[in-house]
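Undergrad: fold the following and give me the result.
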Amino acid sequence: MYHYAKTGRKRRRKKGLLGVCFLLAGLWAAGLAWIFVSEQQFQPTGEATLVFRGEVYQVPAGQTAKQMLESLGLTLTGEDTASLPLDAVLSAGAVFTVERHRHRQEVYTLAIPPETEYCMDDTLPWGREVELVAGVPGELQCTAQVDYVNGLETRREITKKELLYPAQNQLIAVGTCEAPVPSAGNGYLWLPEGELLTYTHTAAVEATAFTGTDPGAAANARPGTVAVDPGFITPGTRLYIVASDGSFSYGIAQAQAGSLQGKRIDLYFPTAAECADFGRKECTVYFLG
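TA: Residues are numbered from 1 along each chain as shown. Have a look, this model is predicted:
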């Protein structure tokens with residue numbers, strides 16, 4: 001009887017120990033589950049943004065600013081300014097900015113453009129311009145304090161200016177001499193110098209200019225030679241040519257066969273400068289009798 005009672009107590013004690021073990025195991029498992037859930041709940045997710053000297057990087061959140069820089073192999077210098085402390089932890093969506101600020105003194109030169117001055121010249125035909133003095137730029141030396149942010153200039157303050165040499169202005173003479181033009185009517189042409197010519201008819205043409213050095217120019221071209229379309233003006237015809245607006249008088253000329261077509265003529269001038277000055281004009285051609 002005693003043996004059975006003692007055996008029952010042992011069995012009950014063993015069951016109690018097993019219950020305690022099961023309870024402790026349950027509590028341990030629950031603790032692990034709580035720790036796991038807590039870590040998952042508070043573990044940062046997503047990315048933070050680093051803007052380093054204008055370059056943008058996306059990095060995992062949950063790091064300190066310092067860890068973020070180290071993970072990317074980036075180093076701050078004394079010229080860098082950070083938007084957050086280096087021990088600040090960046091959450092998802094946070095932006096950490098590092099800007100490099102530089103202050104420099106710079107010395108450089110600036111060109112001073114020349115101005116253009118005009119003078120009247122009554123020995124030149126009306127409206128003709130001739131350069132008497134070429135314009136030459138001057139030079140100004142400047143000292144400036146310049147600020148840069150991430151390599152881009154943000155401020156420039158000139159603190160000193162020194163004129164190295166002044167600009168030389170361009171001087172242009174403008175002709176004011178009105179060229180006399182002939183008067184015409186009823187087949188007669190009165191020249192300014194008093195000579196009287198007769199003409200049979202007139203024609204409106206477009207006139208250009210050439211010189212003896214131009215490709216294809218006739219070897220015997222001289223002042224008074226006019227290249228024409230043989231189908232329009234018979235070579236050898238004597239002509240008198242004036243600008244239709246009366247601003248220019250070429251004078252007496254003789255037609256010579258050229259490569260032009262239609263109502264166009266090409267007037268000979270001794271120099272390329274005179275050709276350029278003449279340019280292209282609407283002219284009236286008098287066919288002399």
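Undergrad: quick one: the helices in this protein?
TA: In the chain, the helices defined using DSSP state H lie at 2-42, 65-72, 272-278.
Undergrad: mean pLDDT lowest for which of the ones you listed?
TA: With a mean of 57, helix 2-42 has the lowest mean pLDDT of the helices of the chain.
Undergrad: now the strands: where do they sit in the stretch 51-200 of the chain?
TA: Remark: strands assigned in the stretch 51-200 of the chain by DSSP state E, counting those that start in this stretch are 55-60, 80-82, 95-112, 116-125, 129-133, 138-149, 152-165, 170-177, 183-185, 188-190, 196-210.
Undergrad: in its sheet, what does the longest one sit against?
TA: Meaning strand 95-112. strand 47-52 (parallel), strand 80-82 (antiparallel), strand 138-149 (antiparallel) (DSSP bridges).
Undergrad: same list (those strands) but as TSV, adding mean pLDDT, distance to residue 231 and mean neighbour count.
TA: Bear in mind the C-beta positions are built from the backbone N, C-alpha and C, glycine included. Output for the strands paired with strand 95-112, formatted as TSV (pLDDT from 0 to 100; distance: least, CB to CB, whole Å; neighbours: other CB atoms under 10 Å):
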stretch	mean pLDDT	distance to residue 231	mean neighbour count
strand 47-52	94	77	19
strand 80-82	95	82	14
strand 138-149	97	57	15
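Undergrad: possible to save these as a markdown table with distance to residue 287?
TA: Below are the strands paired with strand 95-112 laid out as a markdown table (distance: least, CB to CB, whole Å):
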| stretch | distance to residue 287 |
| --- | --- |
| strand 47-52 | 82 |
| strand 80-82 | 86 |
| strand 138-149 | 56 |
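Undergrad: okay, now the unreliable bits of the stretch 151-289 of the chain?
TA: Counting by pLDDT under 70, the low-confidence segments of the stretch 151-289 of the chain come to 178-180.
Undergrad: closest to residue 89 out of the strands of the stretch 51-200 of the chain?
TA: Proximity to residue 89 (CB to CB) singles out strand 95-112 among those, at 10.6 Å.
Undergrad: for the closest one, what is the distance to the chain centroid?
TA: Relative to the mean C-alpha coordinate of its chain, strand 95-112 is positioned 22 Å out (CA atoms, centre = their mean, to the nearest Å).
Undergrad: what angle do it and strand 152-165 make?
TA: Strand 95-112 runs at 20 degrees relative to strand 152-165, counting by axes from the mean of the first three to the mean of the last three CA atoms, to 10 degrees.
Undergrad: over strand 95-112, what's the mean pLDDT, rounded is fine.
TA: 96.
Undergrad: what comes up buried for that strand?
TA: Going by neighbour count (16 or more other CB atoms under 10 Å), the buried part of strand 95-112 is 96, 98, 100, 112.
Undergrad: let's have these in TSV, adding distance to residue 265.
TA: Below are these laid out as TSV (distance: CB to CB, whole Å):
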residue	distance to residue 265
96	79
98	75
100	70
112	46
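Undergrad: out of these, which one sits closest to residue 87?
TA: Looking across the buried residues of strand 95-112 and measuring by CB to CB, the closest to residue 87 is residue 96, at 12.1 Å.
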